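Asks: A predicted structure for the sequence below; I have some questions about it.
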Amino acid sequence: MTHNPPFITRKLIIAAVVCWLDLVIVEAYALVSTFDFSWKVAFADAVNMNLLLATAGYITFIFLRYYQPSPKNAAYLMVWCVALAYLCTQAHGYLMRWNLFPQEHDYHAYLSQSNLIRGLLLWLMISLIGVVSWIWFYLQEQRAGEKREHDTAKLAREAELASLRQQLQPHFLFNSLNSISALAGSKPEEARKMIQQLSDFLRGTIKKDDQQLVPLQDELRHLQLYLDIEKVRFGHRLNTIVE
């Protein structure tokens, strides 16, 4: 699984916290203005509700990070969201009714009457988080797959090039040594010059194997050494033009 850059993660966390605070404020205000509950009850209801929603969303996010259902199995994601919405609704009612405000009978009646709507809203919100998370991780996996394919193709090209070099260098070296041997008796100065050229060429080849990119000027110089060495073998039969 690919990891997101830290700045993207921070932005997502900040956006999630801002949205969560907005939901808490809007829900608390709606409870106060519509049902005339105290701000204490309204804020407790809103904070508890949205904490449960955030927890369910985080669990869904982590679940989809390690298991991504295929489009054919999308129904399992919906069942998962329904189950989480039901658990959140029940947990919210239990905590608010029996732990925080056991004496608020009007609020108890509101909880009982709003269970269905509350559950539907939770299901919609958790489903939205699940769908967005699934799309996010699906796109991440697609990018990772494309990168793996690109890296694999790159490694294959490099391996093919290395194989060609390994096949060509021994023959080139043997032919060059034969040419030097032929020159050693009749033209020792040219033989020494060819030995130096061959040494420079092999040194440049070893150096290039450790680099991804080389300057064009160095590549042309390396190519010219190769052509100069081959010119000794082929004489006037080898004529080249570099543009």
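Replies: That came through, no problem. What you see is a predicted model, and the numbers here were worked out from it, not measured in a lab.
Asks: pLDDT value on the residue located most distally from the centre of the chain, please?
Replies: Within the chain, the residue lying farthest from the chain centre (CA atoms, centre = their mean) is Ser186, at 64.2 Å. Ser186 is assigned 84 on the pLDDT scale.
Asks: now it. Its backbone dihedrals?
Replies: Dihedral pair for Ser186: phi -90, psi -40, per degrees, to the nearest 10.
Asks: can you check Ser70 too?
Replies: The phi/psi pair for Ser70 (degrees, to the nearest 10) is phi -70, psi 160.
Asks: any idea how far it lies from Lys147?
Replies: 21 Å (CB to CB, to the nearest Å). C-betas here are computed from N, CA, C, even on glycine.
Asks: of the two, who's got more company?
Replies: Taking neighbours as other CB atoms under 10 Å, Ser70 and Lys147 compare with Lys147 leading, 11 against 8.
Asks: element containing that one, please.
Replies: Per DSSP states H and E: Lys147 is located in helix 105-186.
Asks: check what pLDDT the closest residue in space to Met49 that isn't next to it in sequence gets.
Replies: Of all residues not flanking Met49 in the chain, His92 sits nearest, at 5.6 Å (CB to CB, 6 or more residues apart in numbering). For His92, the pLDDT comes out at 88.
Asks: the helix or strand in which His92 is found vs helix 105-186, what angle?
Replies: Assigned by DSSP H and E, His92 belongs to helix 74-94. Counting by axes from the mean of the first three to the mean of the last three CA atoms, to 10 degrees, helix 74-94 lies at 140 degrees to helix 105-186.
Asks: distance-wise, check His235 relative to Leu51.
Replies: Heads up, residue 235 is Gly, not His. Taking CB to CB, one finds Gly235 at 87 Å from Leu51.
Asks: the two: which is more packed in?
Replies: More neighbours surround Leu51 than the other of Gly235 and Leu51, with 16 against 7 (other CB under 10 Å).
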